[in-house]
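>>> Task: produce atomic coordinates for the following.
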Amino acid sequence: MSEATPEMTFAADELLNLAIMTKMPVLIVEGIDDIPIYERLSLSVNVDCDVYAAATLSKGREGCRGVLDNISEIRNAAEGLPVEKFVLGIIDRDARFYRNELDLDPAIFSLNYYSIESHYVSACSVEFLIPRFTSATKKLISPEMAKIIFDSIFSEISYLYYVSLEALKNACDQAYTAEFGYSDSIKSIINRGLHIKVMDKKSELDAFAKGLNLSFSLETMLKICKGKWVGEIYSDHLYSAMLGLPGNCMLEKVPQCQACSAGEPQKCLYRKTSFFSSDILMHQAFHNTEAQYLGYIKAKIKDLSVSCRAA
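Residues are numbered from 1 along each chain as shown. Purely as a prediction, here's the structure:
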């Protein structure tokens, strides 16, 4: 076993040998913030594994490139061992996917949506979050009610589809003159009015989307919209929707609670019971390991654990 270099917490072969000896699989993810999310997902399927951010293994190699480089280094040190039975690198479905740049090692797992944050933009999050910050139970926030609230939010943020197409075309077509790219913050784009200006390119962007077999839908938006963009805007709108629930309850625009039905709106069950903000909502959403889009990730982690123990 080689000595760890100053640039790495573990040498590549050390990380692989550790997984082999302990029968504990290793996940390598893009960022530090991803670590607790994947640890929760692993524990939700009764898998104990080690989760590392790419940059903590190889300094200076972050994100998707860092994951790919780490897996490549482990593969080169493996001496023919089946790395994919012990180690899994998880990468975002970013513009590389649409540029056909991912000739993936079997130990690499690409997400179905742009990033892990994207998987929490759903009616499941509405159903999960409202009871955590109000006294409204699931009798009031049923799956059907959560979907109504989410669909309303989606209709308000659907402009992100064309915002994302603009950024994606910028990332795929070097000759294209774009208004912005994925490196811009979504609030900067909105504050400059570029989310409106980009609609002038709707026909051109529709043609670009058609060439990639993309069409407008929530699923497509979650695939091409930067996870931090859609997470930030979605949580802003969910925050506003939650603040408006007591008023809507009094007007019977949502299932009315007992207090409002009895003429005591000051005791409305939809009133917040603790402080929350849009940022808090998004981070709390990451605790929902049963969100509908996460199943395939949990299944992959479970399969890795089985192969690791059997090898």
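
>>> can we go C-alpha only for contacts and neighbour counts from here?
OK.

>>> Show the end-to-end separation of stretch 188-201, please.
19 Å (CA to CA, to the nearest Å).

>>> Do me a favour and average the pLDDT over that stretch.
For stretch 188-201, mean pLDDT is 97.

>>> List the contacts of that stretch.
The set of residues external to stretch 188-201 that reach it, using CA atoms under 8 Å, 6 or more residues apart in numbering, is 159-160, 162-163, 166, 179-180.

>>> got a winner among those for most neighbours?
Among the contacts of stretch 188-201, residue 163 has the most neighbours (other CA atoms under 10 Å), with 29 neighbours.

>>> that older thread, mind putting the contacts of stretch 188-201 in JSON lines, pLDDT and secondary structure included?
Formatted as JSON lines, those follow (pLDDT from 0 to 100; DSSP: H, G, I helix; E, B strand; the rest coil):
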{"residue": "159", "pLDDT": "97", "secondary structure": "coil"}
{"residue": "160", "pLDDT": "98", "secondary structure": "helix"}
{"residue": "162", "pLDDT": "98", "secondary structure": "helix"}
{"residue": "163", "pLDDT": "98", "secondary structure": "helix"}
{"residue": "166", "pLDDT": "98", "secondary structure": "helix"}
{"residue": "179", "pLDDT": "97", "secondary structure": "coil"}
{"residue": "180", "pLDDT": "97", "secondary structure": "coil"}
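
>>> Which one of the residues you listed is nearest to residue 124?
Relative to residue 124, the closest of those is residue 160; by CA to CA it sits at 20.1 Å.

>>> Tell me how far that closest one lies from residue 104.
To residue 104, residue 160 is 29 Å away according to CA to CA.

>>> Are we agreed that residue 27 is in a helix?
No. The assignment for residue 27 (DSSP: H, G, I helix; E, B strand; the rest coil) gives strand, which keeps it out of a helix.

>>> so what's it bridging to?
residue 51, residue 88 (DSSP bridges).

>>> Start at 44, not 1
Done: numbering now begins at 44, and the last item shifts to residue 70.

>>> My guess is it contacts residue 92. True?
Yes. At 7.2 Å, residue 70 and residue 92 qualify as touching, with contact defined as CA atoms under 8 Å.

>>> And the two? Which one has more around it.
Ranked by neighbour count (other CA under 10 Å), residue 70 and residue 92 place residue 70 first, with 25 against 22.

>>> For residue 190, give its distance to residue 231.
Distance of residue 190 to residue 231, given as CA to CA: 29 Å.
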